[in-house]
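Enquirer: predicted model and sequence follow; I will ask about them next.
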Amino acid sequence: MSDAKLQLTEPGIWTKTSWIQIGYGIWVNQVLVTVGLAFGFSAVALPQLDSPYSKIHSTIRNNAWIAGALTLMQPIGCLICGFMMDRFGRRMMMILCMIPMTFGWLYTGFASTAHDIILGRIVTGIGCGMASAPPRAYGTEICLPSMRGVIGVLPSLAMAAGILIQASLGTWLEWDKLCYICGCYSLLLMVLNWMLPETPYYVLMHGTIDKAKACLKRFRAKDYRTDYEVAEMKEFKSVNGIRFQIVCKPLHWQCIARCNQILFRYPSVNCYIQITEKNSSSGFW
């Protein structure tokens, strides 16, 4: 038996390899903090807009659009991201999704009418949809099976943190100031995400095994032997047509259907999605 097949034991939670994965998981899920900020905005802004001292006066109809425009446009962003993520990469999508987020926040902050706020929320909603999938895909593709549970809860924690931060800041700040803060934060993330490495899986799809191996080492400790994972990557690339398998294999459609069925039902959605994505990769990891 080769040395590559001997490495079946995965590192524990307190090892350097595990903490590297947690660090990257926290980093990429800052993108979902911005989504939480967007979801928490209407609960903070609408009471201020209804105040007699508000510089912008909104009707009940406009309030409904301000609250609902985000979720109305989010599926469009999800579809855009779904088709672009395999073409441009998970890292690049986490950069691109910050463009509509930044523009939407700043446009909302500079709004002079309720209709301007609605338009800003529409653009932000598209950005939220684009931001929903890349951090989850990124975390799935860099983590070892033993870390799926830890990495899997980070998206939910990030969104909850964003809602909490928005509610807390809304206690002291006016809604337009919140927009400026959120817009600047989105712009900062767009810059920081340029420093992220791409995932080994995406590099494998568009590059060579050697490039994927070098990328994989970015997510493991220096003393961690990646031979076993690289052997699986070689086998996976030789056996599967990975360029188009995501949309061609019935198993992947089954995984998508199952994820959609439970998406809004159970609290452990992210862990489930990660497990089904791993299984659909035919033992890639």
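Expert: Nice, thanks for sending it over.
Enquirer: send the alpha carbons of stretch 111-126 over as PDB?
Expert: Provided in PDB are the C-alpha atoms of stretch 111-126 (Å, rounded to 0.1, in the frame of the first residue of the first chain):
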ATOM      1  CA  ALA A 111     -31.500  58.600  -1.500                       C
ATOM      2  CA  SER A 112     -33.700  61.700  -1.600                       C
ATOM      3  CA  THR A 113     -37.100  59.800  -2.100                       C
ATOM      4  CA  ALA A 114     -38.600  56.600  -1.000                       C
ATOM      5  CA  HIS A 115     -38.400  55.300  -4.600                       C
ATOM      6  CA  ASP A 116     -34.600  55.800  -4.500                       C
ATOM      7  CA  ILE A 117     -34.400  53.700  -1.400                       C
ATOM      8  CA  ILE A 118     -36.400  51.000  -3.100                       C
ATOM      9  CA  LEU A 119     -34.100  51.100  -6.100                       C
ATOM     10  CA  GLY A 120     -31.100  50.800  -3.800                       C
ATOM     11  CA  ARG A 121     -32.600  47.800  -2.100                       C
ATOM     12  CA  ILE A 122     -33.200  46.200  -5.400                       C
ATOM     13  CA  VAL A 123     -29.500  46.500  -6.300                       C
ATOM     14  CA  THR A 124     -28.500  45.300  -2.900                       C
ATOM     15  CA  GLY A 125     -30.900  42.300  -3.200                       C
ATOM     16  CA  ILE A 126     -29.100  41.200  -6.400                       C
END
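Enquirer: what's it in contact with?
Expert: Contacts to stretch 111-126, defined as C-beta atoms under 8 Å, 6 or more residues apart in numbering, come from residues 38, 41-42, 45, 49, 56-59, 62, 65-66, 69-74, 76-77, 80, 100-101, 103-105, 107-110, 176, 179. All C-beta spots, glycine's among them, are computed from the backbone N, C-alpha and C.
Enquirer: what of stretch 69-87?
Expert: Residues from elsewhere that reach stretch 69-87, judged by C-beta under 8 Å, 6+ apart: 38-39, 41-42, 93, 96-97, 100, 118, 121-134, 137, 202, 205, 246.
Enquirer: and whichever strand or helix holds residue 23, what does it pack against?
Expert: Per DSSP states H and E, residue 23 falls inside helix 16-28. Applying 3 or more C-beta pairs under 8 Å, 6 or more residues apart in numbering; DSSP states H and E, one finds that helix 16-28 makes contact with helix 134-142, helix 148-170.
Enquirer: just these: most buried one?
Expert: Comparing the helices and strands packed on helix 16-28 by mean neighbour count (mean count of other C-beta atoms under 10 Å), helix 134-142 ranks first with a mean of 25.
Enquirer: now the lengthiest helix in the chain and helix 134-142, what's the angle there?
Expert: For the chain, the longest helix by residue count, based on DSSP state H, is helix 60-88. Computed by axes from the mean of the first three to the mean of the last three C-alpha atoms, to 10 degrees, the angle separating helix 60-88 from helix 134-142 equals 30 degrees.
Enquirer: list the buried residues of helix 60-88.
Expert: 62-63, 65-67, 69-70, 73-74, 77-78, 80-82, 84-86 (16 or more other C-beta atoms under 10 Å).
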